[in-house]
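Trainee: Fold the following for me, if possible:
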Amino acid sequence: MSSVLVERSGPITIVTIDRAEVRNAVDGATAEALDEAFTAFDEDVDASVAVLTGGGGTFCAGADLKAVAAGDEILTVRLGSGIHGPMGPTRKEPSKPVIAAIEGYAVAGGLELALWCDLRVAAADATLGVFNRRWGVPLIDGGTVRLPRLIGHGRALDLILTGRSVAAEEALQMGLVNRLCEPGKALETAVALGREIARFPQTTLRHDRVSAIAGWSLDLQAALLNEHRLGVEALSSGEGATGAEGFVSGKGRGGSFENL
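Mentor: Down below sits the predicted model:
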């Protein structure tokens, strides 16, 4: 049986790590299954948003260190490749939004999986952190790159150097997560958020998303030119013209999202 479950709910693809007996720690087979799941999501023209979560009340406790110690060949190859993310999809650049739905622990490589996502919804009693610090296991799935970009250099080094736990409320305050919800409601809340995003014109949304991400690796003028290029491409899709017609007819005025 696969350790990763995939289901569709309208325009939302839900990807669940299903190894609750080890707090959803990722071994080699699970990493490959996650990789395949997100490749399929990106290629699915009917899927607009993906939600990544973990079964059994935990998001992910990181890499399966018991599997590493036992010589898990797939995980060992992924660790050494530099091409494939040891935790699965963390080297991928999906063209559509991904939301993490976090219950319990999102730590070590599990935190890196959450950082790979565009948005993070966390239960109010969730815990995040670079727990691998205590075992001498490095951040190798983008943690040292994405964490500073997300919360700033000083805060990121605080977490990276100390390995301390971060409660959900503090994570929200520092921008590590985007939404808090009641315990047990992270998946439901993330799917609802995904449906909100899926309602919008998708070409323009995806182009703006790509521009925001690409801007990190470009200087200001190059980033502005890239934004312009992507914006022109989006306008050529006709979405803007359709939206303008909708506005004239009274849709979406006064900040309303109800009659789009």
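Trainee: Tell me who's in contact with the most centrally placed residue in the chain.
Mentor: Compute the mean C-alpha point of the chain, and by C-alpha atoms, centre = their mean the closest residue is residue 117, 1.2 Å away. Contact analysis of residue 117 by C-beta atoms under 8 Å, 6 or more residues apart in numbering lists 52, 98, 99, 100. The C-beta positions use only the backbone N, C-alpha and C, and glycine is treated the same way.
Trainee: again, only using 10 Å
Mentor: 50-52, 89, 94, 97-102, 146, 178, 190 (C-beta atoms under 10 Å, 6 or more residues apart in numbering).
Trainee: and these, which two are the farthest apart?
Mentor: Using C-beta to C-beta, the two most remote members of these are 89 and 178, lying 19.5 Å apart.
Trainee: that older thread, tell me the one among the contacts of residue 117 nearest to residue 197.
Mentor: residue 97 (5.8 Å).
Trainee: Excluding sequence neighbours, find me the nearest residue to that closest one.
Mentor: Leaving aside its chain neighbours, residue 97 sits nearest to residue 118 (4.6 Å; criterion: C-beta to C-beta, 6 or more residues apart in numbering).
Trainee: Alpha carbons of stretch 148-157, as CSV, please.
Mentor: This file holds the C-alpha atoms of stretch 148-157, laid out as CSV (Å, rounded to 0.1, in the frame of the first residue of the first chain):
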residue,chain,number,x,y,z
PRO,A,148,15.0,33.3,5.7
ARG,A,149,13.0,34.5,2.7
LEU,A,150,9.8,33.8,4.6
ILE,A,151,10.5,35.2,8.0
GLY,A,152,13.7,37.2,7.7
HIS,A,153,17.4,36.4,8.3
GLY,A,154,17.5,37.0,12.0
ARG,A,155,14.4,35.0,12.9
ALA,A,156,15.5,32.2,10.6
LEU,A,157,18.9,32.0,12.2
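Trainee: Buried residues, stretch 25-40. List them.
Mentor: Buried residues in stretch 25-40, counted by 16 or more other C-beta atoms under 10 Å: 25-35, 37-38.
Trainee: Sitting in strands, which of these do you find?
Mentor: Judged by DSSP state E, strands contain none of those.
Trainee: Pick the one among the contacts of residue 117 closest to residue 214.
Mentor: residue 94 (13.5 Å).
Trainee: And the closest one, how close does it get to residue 204?
Mentor: Computed with C-beta to C-beta, to the nearest Å, the distance linking residue 94 and residue 204 is 17 Å.
Trainee: Which of residue 89 and residue 178 has more residues huddled nearby?
Mentor: Neighbours were counted for residue 89 and for residue 178 using other C-beta atoms under 10 Å; residue 89 has more, 26 against 17.
Trainee: Would you mind listing where the chain has pLDDT under the threshold?
Mentor: Along the chain, the model assigns pLDDT under 70 to residues 1, 240, 243-248, 250-260.
Trainee: all helices for it, in order.
Mentor: 28-43, 65-69, 73-81, 109-116, 143-151, 153-162, 168-173, 186-198, 202-214, 220-236, 239-248 (DSSP state H).
Trainee: Among those helices, show me which one is buried the most.
Mentor: helix 109-116 (a mean of 29; mean count of other C-beta atoms under 10 Å).
Trainee: Distance from the chain centre to that one, please.
Mentor: Its chain's C-alpha centre and that of helix 109-116 lie 8 Å apart, by C-alpha atoms, centre = their mean, to the nearest Å.
Trainee: Cheers, nothing more for now.
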